[in-house]
Structures are given as structure tokens and as C-alpha cells.
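Undergrad: sequence and predicted structure are below.
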Number of protein chains: 2
Amino acid sequence: MSNDRLSLVFSALADPTRRAILKRLASGSASVTELAAPFAMSLPAVSKHLKVLERAGLIARGRSAQWRPCRLEAAPLGEAACWLDAYRRLWEERLDRLDEYLAQSQQKEQHGADRE
Amino acid sequence: MSNDRLSLVFSALADPTRRAILKRLASGSASVTELAAPFAMSLPAVSKHLKVLERAGLIARGRSAQWRPCRLEAAPLGEAACWLDAYRRLWEERLDRLDEYLAQSQQKEQHGADRE
């Protein structure tokens, strides 16, 4: 696994639990216990996920030793989105072609129905 | 590593060689030999990367047994971008705050310079 920043970000996002943690943090900071609550998962298992997110720069943790709240750091998500944006034209073209195809199919069907 | 579609896509993107392969394919189909050329990498190593990309639905390969050209399938990139878009507001707010901070800093500097 590569260690460059963008690879770390994509790798951190490649897990549904980690994506769920980010989603929860988008609505505000939370402690590890609060983050663990919705998952059938031990605190050490959640901590492991948090370490991956922290290493990718996607979360930051408070300094207080007892209660280290996690907060979302959105900038690396912006960098990942920026990389994907370079391909936007390609998938939008594909969708345009699909729209065109569907419109033509409907027209043909309509034409067929008119002649019946 | 999770096997859901979005996780497979993010995981496939978590490698600079695989991202470089996608970039090359964005400008047109290519054979494995063509794809391997810019990398100091054996054909089997490139084939392994291609399998990861194929499993994530990011590339498709031709049926011909002898020359199986790879082509980019952009739709899963669109799905990944769609997931990231939910967080766009968060990183844009952050950039707005940074702009504001820089504007205020410049104003203060200007004010300081005027008084000198």
C-alpha cells in the first residue's frame, strides 16, 4: 500500500465503518465511546479505525488526555474530490449518451404506438 | 478490507500506479504492454493492478484472447465523487474561512503600513 497522501485518503475511505464515522463527525465532534455506540464493535476496534483516519489527515483529536474528542478535517476529502473531478467529463458524457439512448428508445416506442 | 462496491473503488484508487493507469486510459484504450511501458514494472505486476481495477468496475477488458485492450469505465468514479460531494460544504466553508482570514490579515497589514 502506498504512503502518499492521496493514497492514504482513498485507503481510509475504503471501509464502510470509517465512512460512517466520518458521516457522524460531519455533524459535530464526538468521543471514541460516542463513535463506537452505533457499531457492534469493541472500543479498540473503533480506535484502530480512528488511527487510520487520523493518519490520512481526515480527523484530528483533542489534546485532553481523558476525553479526546475527534473532529472531521474536511480538506483531504476536497483533495480526493479534486482528483476525481478530472474525470467528471468522462462519466457525464456517459450519462449524456444514456439519456440520448433512452430518449431515442422512447421516441421509437411512441412511433410504434402511433402506428398501431 | 470490505467488499462493498464503494469500498472496492476507493481501495483501487489508493495506489499511485493504479491512478496513473486510469489517467492513461482516460485518453483511450490500451493493451497491458502499452500500459506497462511508462512504469519500471513487470507485466505480471501491471496485470495484478489491472485485476484490482477490473474488480472495482473501473476498467473493462476486450474479449479477444490475444490482445485484450483495457478501457476506462468512468461510472464508479462518478459514484465515488457523489459520496465525497456530501462533504463539499464542509471543505468549502473551511476555504471560505481561510479567505476571510487572509483578507483580514491583509487589511490589518495595509492599515499598519498607512500609519507608518
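TA: Structure's in. What do you need?
Undergrad: who are the packing partners of the longest helix along chain A?
TA: Counting residues, the longest helix found in chain A (DSSP state H) is helix A:88-115. Other helices and strands packing on helix A:88-115, by 3 or more C-beta pairs under 8 Å, 6 or more residues apart in numbering or on different chains; DSSP states H and E, are helix B:75-85. Where you see a C-beta, it was placed from the backbone N, CA and C, and this is true even at glycine.
Undergrad: and the pLDDT for the closest residue to residue A:13 other than its chain neighbours?
TA: Closest residue in space to residue A:13, ignoring its immediate chain neighbours: residue B:10 at 4.2 Å, by C-beta to C-beta, 6 or more residues apart in numbering or on different chains. Residue B:10 is assigned a predicted lDDT (pLDDT) of 98.
Undergrad: looks like residue B:10 contacts residue A:11 (just checking).
TA: Yes. Counting by C-beta atoms under 8 Å, residue A:11 is a contact partner of residue B:10 at 7.3 Å.
Undergrad: okay, these two: which has more neighbours?
TA: residue B:10 (26 against 22; other C-beta atoms under 10 Å in any protein chain shown).
Undergrad: only alpha carbons, please: show the helix or strand where the more buried one lies as CSV.
TA: Here residue B:10 sits within helix B:5-13, counting by DSSP states H and E. C-alpha atoms of helix B:5-13 as CSV (Å, rounded to 0.1, in the frame of the first residue of the first chain):
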residue,chain,number,x,y,z
ARG,B,5,-18.7,-1.6,-4.3
LEU,B,6,-17.7,1.9,-3.0
SER,B,7,-15.0,0.4,-0.8
LEU,B,8,-13.6,-1.5,-3.7
VAL,B,9,-13.5,1.7,-5.8
PHE,B,10,-11.7,3.7,-3.0
SER,B,11,-9.4,0.8,-2.4
ALA,B,12,-8.5,0.6,-6.1
LEU,B,13,-7.8,4.3,-6.1
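Undergrad: what does the model give residue A:80 for pLDDT?
TA: pLDDT, residue A:80: 95.
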